[in-house]
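In: Compute the structure for the input listed below.
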Amino acid sequence: MSKLDENLAPSDATLVRAAQKGDMTAFEELVARHRDKIYARAFSMLRHEDEAIDLSQEAWVKAWQRLQQFHGESSFVTWTTRIVINLCLDQLRKQKRQRTESIEQMDEEAGGVERQMPVVCGNPTEGLEREELRQRIDEALQQLSAEHRTVLVLHEFEGLEYKAIAKVVGCSIGTVMSRLFYARRRMAGLMAKYKREELQ
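Out: Got it, this is the predicted structure:
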């Protein structure tokens with residue numbers, strides 16, 4: 001290998017410092033460590049495999065180009081995740097301009113459902129059911145509009161606060177709150193519907 005010894009497992013911060021000095025091997029190690037997470041974030045927002053691959057690769061190119069701008073205020077993976085999120089938002093806006101989106105009306109039956117994201121139970125004997133639940137969640141996410149899906153992903157999966165989401169998405173905190181409220185209610189309604197179908 002090069003200067004990097006796999007056995008020493010250098011920290012991200014060490015690799016970033018080396019990469020900022022032009023060490024491409026160090027940057028390649030960062031990509032290898034975090035590419036799955038960056039791809040997963042792109043896919044969770046776009047719901048399209050090829051687009052997610054393209055944009056996650058573009059995010060790594062931009063991360064390399066902008067590496068001198070990274071000063072360690074957050075972790076490297078958080079910084080890179082923000083890059084891919086912004087690329088995905090640009091892509092979603094572009095798609096929205098190309099077609100008129102119809103935002104589905106919330107099911108009346110969802111009114112009384114608890115407004116929470118479904119939680120996957122940790123029963124080790126239920127691996128198959130967990131996989132099925134994950135698939136159900138994916139299907140439900142696809143039925144949300146891009147705006148509602150985006151705030152849900154940023155808040156529930158990325159852990160961003162309302163203020164940070166508002167800044168990333170480019171809208172008011174109130175709009176973020178209302179979109180998140182709608183998205184949670186919609187998801188809860190869809191998951192309840194799947195549950196009823198299974199019981200029939």
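
In: where's the worst-scoring helix or strand of the chain on mean pLDDT relative to the chain centroid, distance-wise?
Out: Lowest mean confidence among the helices and strands of the chain (mean pLDDT, DSSP states H and E): helix 127-142, at a mean of 76. Its chain's C-alpha centre and that of helix 127-142 lie 16 Å apart, by Cα atoms, centre = their mean, to the nearest Å.

In: Now do the strands in the chain.
Out: Remark: strands of the chain are absent; assignment by DSSP state E.

In: Run through this structure and note the low-pLDDT ranges.
Out: 1-8, 97-130 (pLDDT under 70).

In: just checking, what packs against the longest helix seen in the chain?
Out: Longest helix in the chain, counting residues (DSSP state H): helix 173-199. Contacts defined by 3 or more Cβ pairs under 8 Å, 6 or more residues apart in numbering; DSSP states H and E place helix 173-199 against helix 127-142, helix 146-152, helix 162-169. C-beta: built from backbone N, CA, C; applies to glycine.

In: Pipe these into CSV and attach distance to A13 per row.
Out: Formatted as CSV, these follow (distance: least, Cβ to Cβ, whole Å):
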stretch, distance to A13
helix 127-142, 33
helix 146-152, 30
helix 162-169, 22
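
In: Output these in a markdown table, with mean neighbour count and distance to V77 appended to each entry.
Out: As requested, these are arranged in a markdown table below (neighbours: other Cβ atoms under 10 Å; distance: least, Cβ to Cβ, whole Å):
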| stretch | mean neighbour count | distance to V77 |
| --- | --- | --- |
| helix 127-142 | 14 | 22 |
| helix 146-152 | 23 | 20 |
| helix 162-169 | 17 | 16 |
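
In: show me what contacts W79?
Out: By Cβ atoms under 8 Å, 6 or more residues apart in numbering, W79 lies in contact with A63, F70.

In: how about the CA coordinates for stretch 35-43, as CSV?
Out: The C-alpha trace of stretch 35-43 is given here as CSV (Å, rounded to 0.1, in the frame of the first residue of the first chain):
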residue,chain,number,x,y,z
ARG,A,35,-19.6,5.8,0.1
ASP,A,36,-22.4,3.4,1.2
LYS,A,37,-23.8,6.0,3.6
ILE,A,38,-23.6,8.8,0.9
TYR,A,39,-25.3,6.6,-1.7
ALA,A,40,-28.0,5.5,0.9
ARG,A,41,-28.8,9.2,1.6
ALA,A,42,-29.1,10.0,-2.1
PHE,A,43,-31.3,7.0,-2.7
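
In: quick one, what contacts the residue nearest to the spatial centre of the chain?
Out: For the chain, the residue sitting closest to the mean C-alpha position, by Cα atoms, centre = their mean, is R41 at 3.3 Å. By Cβ under 8 Å, 6+ apart, R41 lies in contact with S56, T81, V84, I85, C88, V153, F157, E158.

In: and with 7 Å instead?
Out: By Cβ atoms under 7 Å, 6 or more residues apart in numbering, the contact set of R41 is T81, V84, I85.

In: now, which of the residues you listed sits nearest F181?
Out: I85 (21.0 Å; Cβ to Cβ).

In: how about the nearest residue to that closest one, chain neighbours excluded?
Out: V168 (6.2 Å; Cβ to Cβ, 6 or more residues apart in numbering).
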